[in-house]
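>>> Just the structure for this:
(2 chains)
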Amino acid sequence: MKKRTVGALLAGALFSSLLLTACGSSSNGGGSSTSDSGATELTVWAWDANYNVRAFEEAEKVYDKEVPDTVDLKIVENAQDDIIQKLNTSLSSGVTDGLPNIVLIEDYRAKSFLEAYPDSFFPLTDVIKADDFTDYKVEATSVDGENYAVPFDTSSTGLYVRTDILEEAGYTVDDLKDITWEKYIEIGKAVSEKTGKKLISLDVNDLGLVRSMINSTGSWYTGEDGKTPTLADNEALKVAFKDVKAMYDAKLVDDNSDWSQWLSDFNNGVVWSVPTGNWITPSITAQEDQAGKWAVVSFPRQELDGSVNASNLGGASIYVLNVDGKEAAAEFLKDTFGSSTDLYKTLVENIGAIGSYIPATEAGVYDTEAEYFGGQTIYKDFAEWSTQIPAVNYGENTYAIEDILIKAMQNYLKGDDLDKVLENAQKEAENQLK
Amino acid sequence: MKKINPFLKSKIMGWLFVIVPTLLIALFYFYPMVEAFKLSLSSGKGNNLSFVGLANYKRLFSDPVFINALKNTLLFLIVQVPVMVILAIFFSVLLNNKALKLKGLFRTIVFLPSVTSLVAYSIVFKYLFSNDGIINKILLSLNILQEPMAWLSDAFWAKIVIIIAITWRWTGYNMIFFLSALQNIDPEIYEAADVDGASAGKKFFNITVPLLKPVILFTTITSTIGTLQLFDEPMNITQGGPGDATTTISQYIYNLSFKYTPDFGYAAAVSYAIVALVVILSILQTRLGGRDEKKSK
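Reported below is the predicted structural model:
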């Protein structure tokens, strides 16, 4: 008898708690809260503990010096993929609970988020001075003339080369300055013959190299509207495909299948050159016994009119979400990443991060000599190259189109006709992106 | 207090116990399913969804990426499920041998892969088959290969690696079902066969296999459903590549929702395609498996 009552109670309790959860709480919290000290707590989502997370830590220090005890940053480190998933699920469900105030988004994905969730981001047009930032970053983070982000790191690209291997093959660093991809491959062949070292490490599932190649000519997968695919008859893309195939054909490529294999390829001297964004610097310098053996030269250009020896790869900007605390967040960004030359000075000194804030470049914060690179002023070089990067509209479909192009590249490497391969890719992209 | 008929009371109690799980299932299974179906009738970027009726389902049939993902998934299914079921039967028969010593140890070894995390083992496989991975090193030192084989960047071999990986992970799991079924077979049947002078092969095909049929059906259906939902392995070993050589339907759903500009409506439609496939294949398999049983009765 008693047992049964307990059972009924249990069942009843379960039942009612079920109803409660079903009704759900519809509170619209999210974002900031005020901590004990009276400072506003702002949540930040960022990836890469050694780079982005530390950048925010430095920013908080700078801000605390100016206006003490107003903001308390809570920086949450997440993998970039996780941030994308969390943002997508939260924003599409309309539940703002648990969303951060400030979030880092990769430039290639920016338009996708801004277009998909139009009212979820807080416009920062009045917070930053767009003229203070490099063109291509502003272009990547604006929609309809409205700025939605404080541009952060310039992912200005360069060509990292092993000077000792070059010397062994009878070349100097100067031979690689301001060259074309054709020349780069030619040198690669010669070095490979003399030293047996491969030129470059590539992942067949990542077209980052192609992306940065065409960016240097001011070309992209889509037209100026950021929507219409421009794959067929895209000269820059054709040249990029040809160059990549030339590298494979000459057996200059070592295949990698993820980031860590890529790192080990150049840390262990399997390949002697790394054409990529400057965010790779900490990974290069991680191999301490190769100190003094690396140099950075300008990114090769395409053999096309208008192509420059500078490009972009990756890079992110800082966004404010439209939740409680957005004003405080915007205020914080305005005084730190938006206008603090001091911050950019500490960033380059402590983590080697190069911002896209032009006054910082002019103030000479990037003049530091990098011991690891034989005293070369690499930050200054990167900052200088970053001003030449052609601004293109990355649009919202970079990764969707890239998946199509990865297939196209596979077919082209297997021997299919280039024009045909790109025409098919164009058709597929047009169908998919209706 | 008025006395309630004890029979009625226990009946009410019974219903209460049934209602709770039923409601939970309805809330957490059927409600999302209905919502997902409603979602699959709209399309658009992120939050800008608009009703499009059955357009998403029409789009499925002309979407080369979906068709390719479907082909890949079916290929994994057709090649991998039979291989795995046969291997599982083979191992279970071996391990059921009365004369076998250290039975517990061997059973544990075969079952052990099933306790590993999907992501963790996928990453281990990726490294085994990488350019400077141990597989290449072994093949090179045995002079079978002259230079490292790019397993994961070759469309054919990448598929093989995925199939090897899934087979390694799930064979032991399926073996357990066969093992328990084998232990339920009456040893007298085998004794009678021995008396009649039946060979080991005859005993296997005429006694063991027919008696294992319900389990074969069960493992085939669960493996089929599992393979249709294949995600962790291609995502972590090959990222669906090279190109789209190992992209599966589930991975395409992930790409549509998270990698590209999200179109949750179309992604929901693709997931309903999996539902349809699971239903069709399960019905087919039960029909094929069940038919003979009726005959023998």
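>>> Give the burial count for the residue of chain B found nearest chain A, as a bare number.
Chain A sits closest to B:Gly46 of chain B, with a gap of 2.5 Å, by Cβ to the nearest Cβ. To be clear about C-beta, it is placed using only N, CA and C from the backbone, and glycine gets the same treatment. Applying other Cβ atoms under 10 Å in any protein chain shown, we find 22 residues neighbouring B:Gly46.
>>> quick one: stretch A:233-252 to chain centroid distance?
23 Å (Cα atoms, centre = their mean, to the nearest Å).
>>> That stretch close to chain B?
No - counting by Cβ under 8 Å from any Cβ of the partner chain, chain B is not contacted by stretch A:233-252; separation bottoms out at 9.4 Å.
>>> Any chance you could list what contacts that stretch?
Under the criterion Cβ atoms under 8 Å, 6 or more residues apart in numbering or on different chains, residues A:181-182, A:185, A:188-189, A:192, A:198-200, A:202, A:209-210, A:213-214, A:217-219, A:221, A:231, A:253, A:302-304, A:307, A:408-409, A:412-413, A:418-419, A:421-422 lie in contact with stretch A:233-252.
>>> Out of the residues you listed, just show me the ones up against chain B, please.
Filtering these for proximity to chain B by Cβ under 8 Å from any Cβ leaves A:Met409.
>>> hmm, back to that, wait, doesn't the residue of chain B closest to chain A sit right on B:Gly265?
No - counting by Cβ atoms under 8 Å, B:Gly46 stays clear of B:Gly265, with 10.5 Å between them.
>>> sorry, back to before: just checking, which of the contacts of stretch A:233-252 belong to strands?
Among the contacts of stretch A:233-252, the ones falling in strands (DSSP state E) are A:Ile200, A:Leu202, A:Val253.
>>> Next one, pLDDT for B:Ser50 please.
On pLDDT, B:Ser50 comes in at 88.
>>> Actually, B:Ala192.
91.
>>> Distance check, it against B:Asp186.
Distance, B:Ala192 to B:Asp186, by Cβ to Cβ, to the nearest Å: 10 Å.
>>> A:Gly208 too?
For A:Gly208, the distance to B:Asp186 - Cβ to Cβ - is 63 Å.
>>> Which one of the two is surrounded by more residues?
Taking other Cβ under 10 Å, A:Gly208 and B:Asp186 do not tie; A:Gly208 has more neighbours (17 against 10).
>>> related to what we said a few turns ago, now, of the contacts of stretch A:233-252, which are buried?
Neighbour counting over the contacts of stretch A:233-252 (16 or more other Cβ atoms under 10 Å in any protein chain shown) leaves A:181, A:185, A:188, A:192, A:198-200, A:202, A:209-210, A:213-214, A:217-219, A:221, A:231, A:253, A:302, A:304, A:307, A:408-409, A:412-413, A:421-422 as the buried ones.
>>> Unless I'm misreading it, B:Ala36 sits right up against B:Tyr272, doesn't it?
Yes - look at B:Ala36 against B:Tyr272 with Cβ under 8 Å: they come within range, at 7.3 Å.
>>> Distance of the residue nearest to A:Ala353 when sequence neighbours are not counted relative to A:Tyr319?
Excluding its sequence neighbours, the residue lying closest to A:Ala353 (Cβ to Cβ, 6 or more residues apart in numbering or on different chains) is A:Leu347, at 4.5 Å. Separation of A:Leu347 from A:Tyr319 (Cβ to Cβ) stands at 19 Å.
>>> next one: A:Asp254
If you measure A:Asp254 against A:Tyr319 using Cβ to Cβ, the figure is 37 Å.
>>> Close to chain B: what parts of the stretch 251-400 of chain A are there?
A:Asp254, A:Asp255, A:Asn256, A:Ser257, A:Asp258, A:Gln261, A:Glu396, A:Asn397, A:Tyr399, A:Ala400.
>>> which among the residues you listed gets closest to B:Ile135?
Closest approach between those and B:Ile135, by Cβ to Cβ: A:Ser257, at 13.2 Å.
>>> how close does whichever residue of chain A sits closest to chain B sit to A:Pro151?
Across chain A, no residue is closer to chain B than A:Ala116, which sits at 2.5 Å (Cβ to the nearest Cβ). For A:Ala116, the distance to A:Pro151 (Cβ to Cβ) stands at 21 Å.
>>> So between the two, which is more surrounded?
A:Pro151 (29 against 22).
>>> The more buried one against A:Thr134, yeah?
Yes - applying Cβ under 8 Å, one finds A:Pro151 in contact with A:Thr134, separated by 7.1 Å.
>>> Now for these two: what residues contact both?
A:Ser356.
>>> B:Thr261 is in contact with A:Ala116, isn't it?
Yes - taking contacts as Cβ under 8 Å, B:Thr261 lies within contact range of A:Ala116: 5.8 Å.
>>> before we move on, back to that, for the helix or strand where the residue nearest to A:Ala353 lies, what is the average pLDDT?
For A:Leu347, the host element (DSSP states H and E) is helix A:341-351. Taken as a whole, helix A:341-351 has a mean pLDDT of 89.
>>> And it, how far out from the chain middle?
Chain-centre distance of helix A:341-351: 19 Å, with Cα atoms, centre = their mean.
>>> Sort out which residues of that helix are buried, please.
Result for helix A:341-351 [16+ other Cβ under 10 Å]: buried residues A:Asp342, A:Leu343, A:Tyr344, A:Lys345, A:Thr346, A:Leu347, A:Val348, A:Ile351.
>>> ok, back up a step: pick out whichever of A:Asp254 and A:Tyr319 has more residues nearby.
Between A:Asp254 and A:Tyr319, A:Tyr319 has the larger neighbour count (other Cβ under 10 Å), namely 27 against 21.
>>> Does whatever helix or strand that one lives in pack against any helices or strands, and if so which?
Assigned by DSSP H and E, A:Tyr319 belongs to strand A:316-320. The contact analysis (3 or more Cβ pairs under 8 Å, 6 or more residues apart in numbering or on different chains; DSSP states H and E) places strand A:316-320 against strand A:102-106, helix A:107-116, helix A:135-141, strand A:149-151, helix A:326-335.
>>> Tell me which residues are up against it.
Strand A:316-320 has contacts (Cβ under 8 Å, 6+ apart) with A:52, A:101-107, A:110, A:113, A:121-122, A:124, A:137, A:140-141, A:148-153, A:326, A:329-330, A:333, A:337.
>>> Please state the mean pLDDT value computed over that strand.
Averaged over strand A:316-320, pLDDT sits at 94.
>>> Neighbours of residue 138, how many?
Chain wasn't specified; assuming chain A. Neighbours of A:Val138 using other Cβ under 10 Å come to 19.
>>> nope, chain B
12.
>>> separation between it and B:Ile144?
Counting by Cβ to Cβ, the gap from B:Ile138 to B:Ile144 is 8 Å.
>>> Contacts only, for the residue nearest the centre of chain B.
Centroid-nearest residue in chain B, with Cα atoms, centre = their mean: B:Gly226, separated by 2.2 Å. Under the criterion of Cβ under 8 Å, 6+ apart, the neighbours of B:Gly226 are B:Trp170.
>>> quick one: which helix or strand includes it?
Going by DSSP H and E, B:Gly226 is in helix B:209-228.
>>> Using CSV, write out every CA atom in that helix.
Backbone C-alpha positions of helix B:209-228 (Å, rounded to 0.1, in the frame of the first residue of the first chain) are rendered in CSV as follows:
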residue,chain,number,x,y,z
VAL,B,209,23.4,-20.5,-40.3
PRO,B,210,19.7,-21.3,-40.4
LEU,B,211,19.4,-21.1,-36.6
LEU,B,212,21.3,-17.8,-36.6
LYS,B,213,18.9,-16.3,-39.2
PRO,B,214,17.0,-14.0,-36.8
VAL,B,215,20.3,-12.6,-35.5
ILE,B,216,21.7,-12.2,-39.0
LEU,B,217,18.6,-10.2,-39.8
PHE,B,218,18.9,-8.1,-36.7
THR,B,219,22.5,-7.3,-37.1
THR,B,220,22.1,-6.6,-40.8
ILE,B,221,19.3,-4.1,-40.1
THR,B,222,21.0,-2.4,-37.3
SER,B,223,24.3,-2.2,-39.3
THR,B,224,22.4,-0.9,-42.3
ILE,B,225,20.8,1.9,-40.2
GLY,B,226,24.2,2.6,-38.6
THR,B,227,25.9,2.8,-42.0
LEU,B,228,23.2,5.1,-43.4
